[in-house]
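**Q** sequence plus predicted model, see below.
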Amino acid sequence: ADRLLPARGTAPDNAVAVVPFADASEAPGPAYVGFALADAVATRLAGAPTLRVRPPRALRGADTPVEAGRQAAAAFVLTGQFARTPDGFHLGWTLVAVATEAVVQGGTVEVAGDLIEAQRRLGDDVFASLAASGALPIAPAPQFRPVDAVDEAALPDALVEDYLGARSLMDGQASRSGLHADLIRATEAFERVVAEAPDFAPAQAGLGIALTRGVRFGYGGVGHLLAAQRHLDRALALDPSHIEATLYRAYTRLWSGETERARQDVQHLLHTAPDDAEVQVGAGVVLQLDGLLDEALDALGTALRLAPGIGPRVYNLRARVHLYQQRPEAARVEIDRGLSVAPAHTLLRTTDAVWHLRHGHLGDAVERLASVVADDPLLRLAHPTLAIAAHRTGDPERARSLMTDDLLAMAAADCEMAYRVGTYFAVAEDAEAALHWLRTAVHLGNHNAPWLLANPDWEALRETDAGVRRTLREVAASQPALHARWRRVLPARRG
């Protein structure tokens, strides 16, 4: 399902590898900048369904860009370099044919702005230039009509059972185990159904939901996000009334920086499907990200009343909201409730470790987080917090080892992961990296001003770093208008 994953065999003509950009600045900076620029280009190109894109995280150990292209079975490799300027970046890119090592096309971009603006401008320039020249087969996404949809009754019984089994696995992963293995099995089952019945909207939606949850839990990055968007769009083209597909498309829009469209989607669902528990959970998540913490708790409480079986998910989300409100006793109650129902739930156990970390119980926090990572090594959502705990216990080497390229690629697709990564860099006193990830988190939808302005891990940078102060002022200034729009669609709060 993911066109950003490397393929095997001969290089198809539509396969392009994007390698990290080289730093040509007089004083080279952090390595992640070149990776981030390449990842932005890969993400933009992957929006074309006619391309197969090998992102930088899929390329390992090659001595040259062309060799990286060969290893990734790509017909083309896109490489580049960048240099910092007083007000931004000078960017250059080149598309090379792997077989002949000949330059096919290239360009330069001057950017006055920060890294996020450079990523956006570079991605748009490369995509537009290649689409206009025809150097790569870039075509618009296919359109689907609701009349194409097939009903469950038209499917073989075995395929229906596969779909129902996938739903059961996915729902159980969210509410009971939290384990990556369960989500992988669900994703694979949905893929089998979609391969045989591509016009069965519930399976397309299920696959999109599973991939989106993978991004949220830190199992996947921009590749999973783009694949999720593709399947959710297909589901909604086949069934425009599909509630879950609309909700999870809102999540993907949020993490793509389309925050206003995401809010509008959720607000529309609150009006049209207020008795759907998943809609209320989605509202709780987005309200929390927008800094409306009491309203988020209201929505999550409504979700729990509508569907008590999702209790562990809701307890975990409510605990985190209470932590953002700096109400640790209330958070402790929610964590204990959740663990009494689902003691193995990895997300609840991670939040339990965060609670201990906040209380200075460093040994307990490290022990709990290490246990979570041992049980589910791919739950990268826990890695930045474990890195913070390791750094504070005097093990910076272990902390740095957790901040892998894969982790950073995944953080680029989720605002809360991005903020956790930024918090690690704040604790590690790397101000430039911390500011980059803070801006990324805000760009991807984290406007939780009450917490961003109070998180003690950022206290030093809030006082000393002009970029951090400016970013937080912008978030705080956006809150009154943002909250006013929400309160026009939310029920009046009691008390």
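**A** That came in fine, so what should we check first? Values in this document were obtained by computation on a predicted structure and should not be read as measured data.

**Q** how many other residues sit next to Asp157?
**A** 7 (other C-beta atoms under 10 Å). Backbone N, C-alpha and C define where each C-beta goes, glycine included.

**Q** mind giving me the packing neighbours of the lengthiest helix in the chain?
**A** Scanning the chain for the helix with the most residues, using DSSP state H, yields helix 466-487. Applying 3 or more C-beta pairs under 8 Å, 6 or more residues apart in numbering; DSSP states H and E, one finds that helix 466-487 contacts helix 259-272, helix 431-443, helix 449-452, helix 459-464.

**Q** low-confidence stretches in the protein?
**A** The model of the chain has pLDDT under 70 over residues 1-11, 57-61, 139-149, 152-153, 173-180, 217-221, 494-495.

**Q** where do the strands of it begin and end?
**A** Under the criterion DSSP state E, the chain contains strands at 15-18, 22-23, 52-54, 76-85, 88-97, 103-112.

**Q** the stretch 301-450 of the chain: helices as residue ranges?
**A** Counting by DSSP state H, counting those that start in this stretch, the stretch 301-450 of the chain has helices at residues 311-324, 328-341, 346-358, 362-375, 383-392, 396-402, 405-411, 415-427, 431-443, 449-452.

**Q** out of the ones you listed, which gets nearest to Leu207?
**A** Distance to Leu207, taken as C-beta to C-beta, is lowest for helix 405-411 among the helices of the stretch 301-450 of the chain, at 18.9 Å.

**Q** Asp13: neighbour count?
**A** Asp13: 10 neighbours (other C-beta under 10 Å).

**Q** now stretch 418-435, how far from the chain's geometric center?
**A** From the chain centre to the centre of stretch 418-435 is a distance of 17 Å (C-alpha atoms, centre = their mean, to the nearest Å).

**Q** which positions within it qualify as buried?
**A** Buried residues in stretch 418-435, counted by 16 or more other C-beta atoms under 10 Å: 418-428, 430-431, 433-435.

**Q** ditto for stretch 305-319
**A** For stretch 305-319, using 16+ other C-beta under 10 Å, the buried residues are Leu306, Ala307, Ile310, Gly311, Pro312, Arg313, Val314, Tyr315, Asn316, Leu317, Arg318, Ala319.

**Q** between those residues, which is nearest Gly92?
**A** Distances from Gly92 to the buried residues of stretch 305-319, taken by C-beta to C-beta, are shortest for Leu317, at 44.3 Å.

**Q** what distance do you get for the residue nearest to the closest one when sequence neighbours are not counted to Arg487?
**A** Leaving aside its chain neighbours, Leu317 sits nearest to Leu300 (5.6 Å; criterion: C-beta to C-beta, 6 or more residues apart in numbering). The gap separating Leu300 from Arg487 is 18 Å, by C-beta to C-beta, to the nearest Å.

**Q** of the two, which one has the most company?
**A** Shown here are Leu300 and Arg487; by other C-beta under 10 Å, Leu300 has more neighbours (27 against 13).

**Q** just checking, the more buried one touches Gln280?
**A** Yes. Applying C-beta atoms under 8 Å as the test, Leu300 and Gln280 come out as touching, 7.0 Å apart.

**Q** list just the nearest of the buried residues of stretch 305-319 to Leu51.
**A** Arg313 (35.8 Å).

**Q** who's in contact with Arg185?
**A** Taking C-beta atoms under 8 Å, 6 or more residues apart in numbering, we find Arg185 in contact with Ala166, Leu169.

**Q** what about Thr393, distance to Pro202?
**A** Distance of Thr393 to Pro202, computed by C-beta to C-beta: 47 Å.

**Q** ok, Ile310 next?
**A** Shown here: Ile310 relative to Pro202, a distance of 19 Å by C-beta to C-beta.

**Q** repeat that for Arg400.
**A** Distance check for Arg400 against Pro202: by C-beta to C-beta, it reads 44 Å.

**Q** okay, these two: which has more neighbours?
**A** Between Arg400 and Pro202, counted using other C-beta under 10 Å, the more crowded position is Pro202 (23 against 14).
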